[in-house]
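K.L.:
build me a model from this:
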Amino acid sequence: MVLRAWATDRLAPVEQVTAALAAVTADPADVSDEQWVALLGADGTALEHLCALADTARRRVTDPDTLTFVVNRNLDTAVAATLPTRGPSLEDLVLEAVDGGATEICMQGPLPEDAPADGYLRLIERITAAAPVHLHALRPPEIRDGARRMGIGIDDFLHSARDAGLGSVPGTAAQILDDEVRAALAPPGVPSAVIEWTEVIEAAHQVGLFSTATLLYGHLETPAHQVDHLRLLCDIATRTKGFSELILMPMVAQNTPAHLRAEAVATASTRETRALHAVARLMTLGCFDHLQVAWTKLDADTVDAVLAGGVDDIGGVLLDGVLLPQAGAEAGRVLDVEALTGFADRGGRILRQRTTAYTDPAPERLLRLDGAVR
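P.N.:
Purely as a prediction, here's the structure:
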């Protein structure tokens, strides 16, 4: 499968899109991969039709009137590992987040190479002992790294992490689940095979940890790669029942691998973003109930557009706090009350706070947003 030039927008022939729209209107389960590819190239009135179909599906699968969010704080693993026991400590950051309404701590990124062999487990224990909070942490690369450091298998490491308090796993670092694309994105010498991600995610599900699923778009992948990726995620979901949500994320300049920055002169178009979210909603019916928008990587108008085209969740508010606000990988990107309620109001939705597992928080944990939360 030939890779595309970086983030070039690909429209499909109108007649192919029209035929595919007729097929998905009749029954999304009967749409072929070639027809999904055509729908990813929809534009104009066909794109509006596609997004309307996706939003109708969203209304059937989730509460039609709500926009869900989770109150969380991000921590970078390397930063967390170097915090002192006093002034402020890792425990202080966790307590501050919980006092601010957080029900989730999200921790991602590798440990420094000179950290203790069981460094990941120590961090899990410290965070979960500090306060009653759900820990959503360790991407597949960190899980592999943790098992390597301790000289044990992935399954054994995951059992130990779960027993230490890990609640769920971020399904980031999936990129596109195609060996050719992953090899092109990876720096020379860095493992990139699809199994590097799928093996860990399936193992996490098997030990009782749920995870998110992600798709990184807007780089070298083609629409056919996107469809194949979604198909593989659905296959895993059907077998393990372990995914909580699907998140589509555009490649942005600051996250482009260093060896590709010279050619990364564009990002995915708004048209592609809308089409991909709509196709993801329709293609994954029965496999994923929740489709989340990566609000930190899109402008507000595009977020509004995808919320009207099949997306039910806006993700985490990413509290920074006063103590070491730079401790998170996305520091400075807090979704404040005005922005959060604005997305809901413009979409005609009611905000509903959720936990990481899409359950309702305890009443005392609800964040009050001027009466906008139910």
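K.L.:
for the rest of this, base every contact and every neighbour count on C-alpha atoms.
P.N.:
OK.
K.L.:
just give me the residue right at the centre of the protein.
P.N.:
Centroid check for the chain by Cα atoms, centre = their mean gives Ile247 as the closest residue, at 3.7 Å.
K.L.:
contacting residues for Ala57?
P.N.:
Going by Cα atoms under 8 Å, 6 or more residues apart in numbering, Ala57 touches Arg281, Leu282, Gly310.
K.L.:
skipping adjacent residues, who's closest to the second one in space?
P.N.:
Nearest-residue entry for Leu282: Ala54, 5.8 Å, with adjacent residues in sequence omitted and distances by Cα to Cα, 6 or more residues apart in numbering.
K.L.:
follow-up on the earlier one: pop out the phi and psi values for the residue nearest to the centre of the chain.
P.N.:
The phi/psi pair for Ile247 (degrees, to the nearest 10) reads phi -120, psi 130.
K.L.:
same question, Leu282
P.N.:
The phi/psi pair for Leu282 (degrees, to the nearest 10) reads phi -70, psi -40.
K.L.:
any low-confidence regions in the protein?
P.N.:
Scanning the chain for pLDDT under 70 picks out the ranges 368-374.
K.L.:
ok, which stretches of it are helices?
P.N.:
Along the chain, the segments classed as helices by DSSP state H run 14-26, 33-39, 44-61, 77-82, 90-99, 119-130, 140-150, 154-164, 179-185, 195-206, 223-240, 270-283, 300-307, 337-346.
K.L.:
nearest to Ala7, out of the ones you listed?
P.N.:
Evaluated with Cα to Cα, the helices of the chain place helix 270-283 nearest to Ala7, the distance being 9.6 Å.
K.L.:
buried ones in the closest one?
P.N.:
Within helix 270-283, the residues that count as buried by 16 or more other Cα atoms under 10 Å are 270-283.
K.L.:
what's the answer for stretch 223-239, then?
P.N.:
Buried, per 16+ other Cα under 10 Å, within stretch 223-239: 223-231, 233-234, 236-237.
K.L.:
can you tell me which of those residues is nearest Gln254?
P.N.:
Nearest to Gln254 among the buried residues of stretch 223-239: Gln226, at 21.9 Å, using Cα to Cα.
K.L.:
hmm, that closest one is touching Ile176, no?
P.N.:
Yes: counting by Cα atoms under 8 Å, Gln226 does reach Ile176; the two are 7.1 Å apart.
K.L.:
and the end-to-end length of stretch 63-72?
P.N.:
22 Å (Cα to Cα, to the nearest Å).
K.L.:
in it, which residues are buried?
P.N.:
Buried, per 16+ other Cα under 10 Å, within stretch 63-72: Thr66, Leu67, Thr68, Phe69, Val70, Val71, Asn72.
K.L.:
for the third one, which residues are in contact?
P.N.:
To tie it back to what came earlier, the one meant is Thr68. Thr68 is in contact with Asp312, Asp313, Ile314, Gly315, Leu351, Arg352, Gln353, Arg354, counting by Cα under 8 Å, 6+ apart.
K.L.:
what about 6 Å?
P.N.:
Thr68 is in contact with Asp313, Leu351, Arg352, Gln353, counting by Cα atoms under 6 Å, 6 or more residues apart in numbering.
K.L.:
do the same with the first one
P.N.:
Contacts of Thr66 were listed using Cα under 6 Å, 6+ apart, and they are Arg349, Ile350, Leu351.
K.L.:
if I look at it, how far off is Thr238?
P.N.:
If you go by Cα to Cα, the gap between Thr66 and Thr238 works out to 26 Å.
K.L.:
the fourth one too?
P.N.:
Look at Phe69 and Thr238: by Cα to Cα, they are 25 Å apart.
K.L.:
Val190 too?
P.N.:
Applying Cα to Cα, the value for Val190 to Thr238 is 30 Å.
K.L.:
ditto for Gln16
P.N.:
Separation of Gln16 from Thr238 (Cα to Cα): 29 Å.
K.L.:
before we move on, the earlier item: of the contacts of Ala57, closest to Glu48?
P.N.:
Gly310 (11.7 Å).
K.L.:
which residues sit in contact with that closest one?
P.N.:
So Gly310 contacts Ala54, Asp55, Arg58, Ala278, Arg281 (Cα under 6 Å, 6+ apart).
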